[in-house]
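**Q** missing the sequence, but the structure's below:
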């Protein structure tokens, strides 16, 4: 299915790989864009906080206009090295209106505290400095488990959740819009892989991880091995390399000891792909995957990610995920897919329900590629940069407004990938607001686990995505 935000002038990407292209912006600067190639496998202006429902008291860069990039769709018959025709869409009226509304809402705050960041790069690299004072330590509640440091966490053998369901007692299902009170504990796992030694290297993924790290620190996350782990292929320490083993251990570390009120964040920037779904669960017959740096040892499927970081979460724990990679639309197998035209959630045919509050901001649809852009100042993923820009403009937006802002930044820079929003809970998008540190929803699902209503024929990944394994 093709989903988009109403009025957007975008087109389905038909060419899964663009090796290299150049474009000139209005200022005459050359902007180089690389598409993150797809591959297949063989084997706060601050706003008021959320209202607490009385029945459940316990639940409670600016744009750098010199940074332009070309549209990421190219003629299917493009020869290697050929420059595709650039198709520049106009900003849709509804997105322009949303941007004007956001600017008016934040004008006063900008006047009081003007943000000069972005003059050197869209998201400046400040990996070695923190602009905010580290938050004070959070005292443990009696029922909380202390979190383990990455240095001491051992991990355990992976076990996929079987095809089965469990009914939840009615007193543990919350049908209203109440929010869980945040505990103050925050944990993040950030993964950026450039694949420098591979046949398909990227250039901005490590920058993405660093920029997300800066954003989280600015919003109260603590930068230490107990609360934040960053895995990149620029690391010299083998414990912090994004190998398949370390990524899977990172998933387990992220969910270790979490309890009601905790806030988690997961970011991945790198290669994404698809493989045949032999279990017959996926709508398109394909499982979405991410590639570790040692991808020769196997990819990490959405089934593995869901079993590792989604299903284990208890009610009242929030996990925000940003996946900046190709084919990431349903990269977590979350059951509810947001349809921007209707403003409603659509449940998957074969849903995978869980207790935690998980939202995925994916860089594109399952059938699309995602851009790794090289600009005048800094390389980076188009989705990660747009996510950061949108959040800095409005740190507590309603979900539809936030998605429109992200998409608006992508369109402004002439990227045709369509960001997607999926969720583990059927959120009230008219009233619920997105925040990195608040807005935790309790469980609304009466049944958890995987449900197979229809067995779907396994699909076949496009042979054009096999180049990384040659």
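**A** Received, thanks. Fair warning: this is a prediction, and the values are worked out from it, not measured in the lab.

**Q** for the stretch 201-350 of the chain, what spans make up the strands?
**A** Counting by DSSP state E, counting those that start in this stretch, the segments of the stretch 201-350 of the chain that form strands are 228-232, 263-269, 272-276, 286-290, 300-301, 318-324, 336-339, 344-347.

**Q** next, the contact list for the nearest residue to residue 161 once chain neighbours are set aside, please.
**A** Counting by CB to CB, 6 or more residues apart in numbering, residue 161 lies nearest to residue 307, which is 4.5 Å off, once chain neighbours are set aside. Every C-beta, even on glycine, is put in place using the N, C-alpha and C of the backbone. Residues counted as contacts of residue 307 (CB atoms under 8 Å, 6 or more residues apart in numbering) are 158-161.

**Q** now residue 229
**A** Per CB under 8 Å, 6+ apart, neighbours of residue 229: 150, 188-190, 240, 250, 253.

**Q** go again with 6 Å.
**A** By CB atoms under 6 Å, 6 or more residues apart in numbering, the contact list for residue 229 reads 150, 189.

**Q** with residue 257 instead?
**A** 145, 147.

**Q** what's the answer for the one 3 residues further on, then?
**A** Residue 260 makes contacts with 180, 316, as judged by CB under 6 Å, 6+ apart.

**Q** confidence score at it?
**A** Here, the pLDDT recorded for residue 260 equals 95.

**Q** same thing with the one 5 residues further on?
**A** Residue-level confidence at residue 265 comes out at 98, pLDDT.

**Q** next, the contact list for it, please.
**A** 188, 320.

**Q** pretty sure residue 380 is touching residue 209, no?
**A** No: between residue 380 and residue 209 there is no contact under CB atoms under 6 Å: 10.0 Å.

**Q** the two - which one has more neighbours?
**A** residue 380 (31 against 28; other CB atoms under 10 Å).

**Q** for beta bridges, what are the partners of the more buried one?
**A** Here residue 380 sits in beta bridges with residue 373, as judged by DSSP bridges.

**Q** returning to that earlier point: ok, so of the contacts of residue 307, who is nearest residue 315?
**A** Set against residue 315, the nearest of the contacts of residue 307 by CB to CB is residue 161 (16.8 Å).

**Q** and for residue 373, the neighbour number?
**A** 26.

**Q** quick one: contacts for the residue nearest to residue 203 when sequence neighbours are not counted?
**A** Nearest residue to residue 203, sequence neighbours excluded (CB to CB, 6+ apart): residue 379, at 4.1 Å. By CB under 6 Å, 6+ apart, residue 379 lies in contact with 203-204, 207.

**Q** residue 263 now?
**A** 186, 318, 437.

**Q** of these, which is the nearest to residue 179?
**A** residue 318 (9.7 Å).

**Q** so residue 387 belongs to a strand, correct?
**A** No: using DSSP: H, G, I helix; E, B strand; the rest coil, the assignment for residue 387 is helix, not a strand.

**Q** ok, now which ones touch it?
**A** 322, 406.

**Q** residue 256 versus that one, what's the distance?
**A** From residue 387 over to residue 256 the distance is 26 Å, taken as CB to CB, to the nearest Å.

**Q** what do you get for residue 420?
**A** Taken as CB to CB, the span from residue 420 to residue 256 is 28 Å.

**Q** the more surrounded of these two?
**A** For residue 420 versus residue 256, the count of surrounding residues by other CB under 10 Å is larger for residue 420: 24 against 16.

**Q** ok, what's across the strand from that one?
**A** Going by DSSP bridges, residue 420 forms beta bridges with residue 362.

**Q** surely it meets residue 361?
**A** No: applying CB under 6 Å, one finds residue 420 not in contact with residue 361, separated by 7.7 Å.
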